[in-house]
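Asks: coords please:
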Amino acid sequence: MSEQKILIVSHGHPDHSKGGAEVAAYNLFKEYERQGLDTIFLARTDQPSHGGSAFSTINSDREILFHTHMSDFFLFQSGNKKHIWQDFRDLLEKYRPTVVHLHHYIHMGLEMIREVKNTLPDTRIIVTLHEYLAICANNGQMVKPGKQMKLCYKSSPTDCARCFPERSAADFFLREKYIKSIFELVDKFVSPSHFLIDRYKQWGIPEEKMVMIENGQPEVKAPAPRPLAEGEARGRFAFFGQINPFKGVDVMLEAFNLLPDDIKEKVHLDIHGANLEIQTPEFQEKINKLLDDLGDLVTLHGSYESHEIGRLMEQADWVIIPSVWWENSPMVIQEAYNHGRPLIGSDIGGVKEKIPDKKSGYLFRARGAIELSKVIGTCTFDSANWVLAEEGICKPMSTSQCAQQHLERCYE
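Replies: Numbering: from 1, shown residues only. A predicted model of the protein is given here:
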């Protein structure tokens, strides 16, 4: 394998933004650095820079913050073109990477991909797809706007215009053509799930340009099962992630509210999540009312740091992923498996792919609070169910294995 110089691009730095995509990109960077590979991590930030510079460093001179933004979220176009054709180009010419691996283009601009090809035509361009932004203008969720948030199974300019009546079908047709013209410059697309690959293949990305590589996890020793007091059930449940309408936290809380009183006495839910305060007033009111109704049955802990995940998992018996959209491959699934904790998840998208029902956890009908409530009762009623699920867990791919997969399957 020839000597590589790798530039990893992320839409956020984990020190500032805790999303799974940011963590996945940073973990890959740190693993390449550990292996002695020449690697730079470029992360977009919305924080102002000193003196108006487009770049600053964080932690080390190998971790660069890109102070930029997008002005057009429909076409993912940069809000400051000079940041692309001058500042980013200067960085490319100075560093001259052999591989540019983008874990996102949102908040920075799709033009970055074209600038790499124009400035360094022999450099390989890799893009990891974390959701369906290119396909769906509704935050890449493939969920129709409106209170019901109906699932969308396939996009078309006509259908998309129905979701956004302020735009025409022609607008969506041209949007698709524009994004695909940029995507043609990409050498390989990486997806952490087969489900997402199928969606993009259906949309028109050639199958031979896509590869499935799971997000890697640090190698850790899984904690022992949580010690139980005499007569105590395996009733400690946990949620990890953002608190927004797509994550199904309201469905989860409704499910706990539906539990029979004898089960409620045996369970507790810990919510480790942030950003409730930036959601719509209507959604905040709904969540807060459910929390009030449940009282001491639920503890809202707020955000957490990546290095805390082991300690928090250790306190849980089950991890719940109640998402109401087509998740790709939520990082928390691999984190839970890495720490030996079984899962309860919605039966759609990448969640269904990653949680074999009644093997390493349980699936329930997405958006079904009643069914989720029954699953929670089943998991709590008999601790043997936890033992069977825990025994069915397969250790996830390590970060070093993930890095090797990228090097062998994408970068050459």
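
Asks: for residue 275, which non-adjacent residue is spatially closest?
Replies: Of all residues not flanking residue 275 in the chain, residue 242 sits nearest, at 5.3 Å (C-beta to C-beta, 6 or more residues apart in numbering). Any C-beta I mention is one placed from the backbone N, CA and C, and that applies to glycine too.

Asks: which residues touch the one you found?
Replies: By C-beta atoms under 8 Å, 6 or more residues apart in numbering, the residues touching residue 242 are 19, 273-275.

Asks: show me which of the residues you listed are buried.
Replies: 19, 273 (16 or more other C-beta atoms under 10 Å).

Asks: what number of residues lie near residue 248?
Replies: 26 (other C-beta atoms under 10 Å).

Asks: quick one: residue 356 from residue 345, how far?
Replies: 11 Å (C-beta to C-beta, to the nearest Å).

Asks: break the chain into its domains for me.
Replies: Taking automatic domain parsing as the domain assignment, the ranges for the chain are 5-216+399-409, 236-391.

Asks: export the ones you listed to a markdown table and tack on mean pLDDT and distance to residue 225?
Replies: What follows is those, written out as a markdown table (pLDDT from 0 to 100; distance: least, C-beta to C-beta, whole Å):
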| stretch | mean pLDDT | distance to residue 225 |
| --- | --- | --- |
| domain 5-216+399-409 | 94 | 25 |
| domain 236-391 | 94 | 7 |
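
Asks: residue 227 is nearest to which of the ones you listed?
Replies: domain 236-391 (10.2 Å; C-beta to C-beta).

Asks: what's near enough to touch residue 375?
Replies: 344, 362, 364.

Asks: the first one and residue 372 touch, don't they?
Replies: Meaning residue 344. Yes. If you go by C-beta atoms under 8 Å, residue 344 and residue 372 touch, sitting 7.3 Å apart.

Asks: the residue lying closest to residue 153 once chain neighbours are set aside and residue 34: what is the separation?
Replies: Using C-beta to C-beta, 6+ apart and skipping residues adjacent in sequence, the residue nearest residue 153 is residue 142, 7.9 Å away. In this view, residue 142 and residue 34 are 36 Å apart by C-beta to C-beta.

Asks: those two: who's more crowded?
Replies: More crowded of residue 142 and residue 34, by other C-beta under 10 Å: residue 142, with 19 against 12.

Asks: surely the more buried one meets residue 150?
Replies: No. Residue 142 is beyond contact range of residue 150, at 10.2 Å (criterion: C-beta under 8 Å).

Asks: export the domains of the chain to TSV and tack on distance to residue 223?
Replies: Shown next, in TSV, are these (distance: least, C-beta to C-beta, whole Å):
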stretch	distance to residue 223
domain 5-216+399-409	19
domain 236-391	4
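
Asks: quick one: which of the ones you listed is nearest residue 222?
Replies: Checked against C-beta to C-beta, the stretch from these lying closest is domain 236-391, at 3.4 Å.

Asks: tell me how far the ends of that closest one are from each other?
Replies: Counting by C-alpha to C-alpha, to the nearest Å, you get 18 Å between the two ends of domain 236-391.

Asks: what segments of the stretch 51-200 of the chain are helices?
Replies: Along the stretch 51-200 of the chain, the segments classed as helices by DSSP state H, counting those that start in this stretch run 81-82, 89-95, 111-119, 157-163, 169-183, 194-203.

Asks: buried stuff in the longest one?
Replies: Taking 16+ other C-beta under 10 Å as the neighbour-count basis, helix 169-183 is seen to contain the buried residues 171-172, 175-176, 179, 182-183.

Asks: what kind of secondary structure is residue 208 in?
Replies: helix (DSSP: H, G, I helix; E, B strand; the rest coil).

Asks: joint contacts of residue 344 and residue 372?
Replies: With C-beta under 8 Å, 6+ apart, residue 344 and residue 372 have common neighbours 320, 364.

Asks: which of those two has more residues huddled nearby?
Replies: residue 372 (28 against 24).

Asks: from residue 289, how far out is the residue lying closest to the more buried one once chain neighbours are set aside?
Replies: Distance criterion C-beta to C-beta, 6+ apart; nearest residue to residue 372, sequence neighbours excluded, is residue 255 at 3.8 Å. Remark: distance between residue 255 and residue 289 (C-beta to C-beta) = 15 Å.

Asks: the two: which is more packed in?
Replies: Neighbours were counted for residue 255 and for residue 289 using other C-beta under 10 Å; residue 255 has more, 26 against 12.

Asks: who's in contact with that one?
Replies: 322, 369-370, 372-373, 376.

Asks: helix/strand/coil for it?
Replies: Assignment for residue 255 (three-state DSSP): helix.

Asks: can you flag which of the contacts of residue 255 belong to helices?
Replies: 369-370, 372-373, 376 (DSSP state H).

Asks: returning to that earlier point: more neighbours: which of residue 356 and residue 345?
Replies: Taking neighbours as other C-beta under 10 Å, residue 356 and residue 345 compare with residue 345 leading, 30 against 14.

Asks: how about that one, what does it touch?
Replies: 320-323, 333, 351-352, 354-355, 361-364 are the contacts of residue 345 under C-beta under 8 Å, 6+ apart.

Asks: do that again at 6 Å, thanks
Replies: 321, 351, 355, 363 (C-beta atoms under 6 Å, 6 or more residues apart in numbering).

Asks: do the same with residue 211
Replies: Here residue 211 is in contact with 188, 190, 409 (criterion: C-beta under 6 Å, 6+ apart).

Asks: the last one: neighbouring residues, count only.
Replies: For residue 409, the tally of surrounding residues (other C-beta under 10 Å) stands at 14.

Asks: what's the answer for residue 24, then?
Replies: Neighbours of residue 24 (other C-beta under 10 Å): 26.
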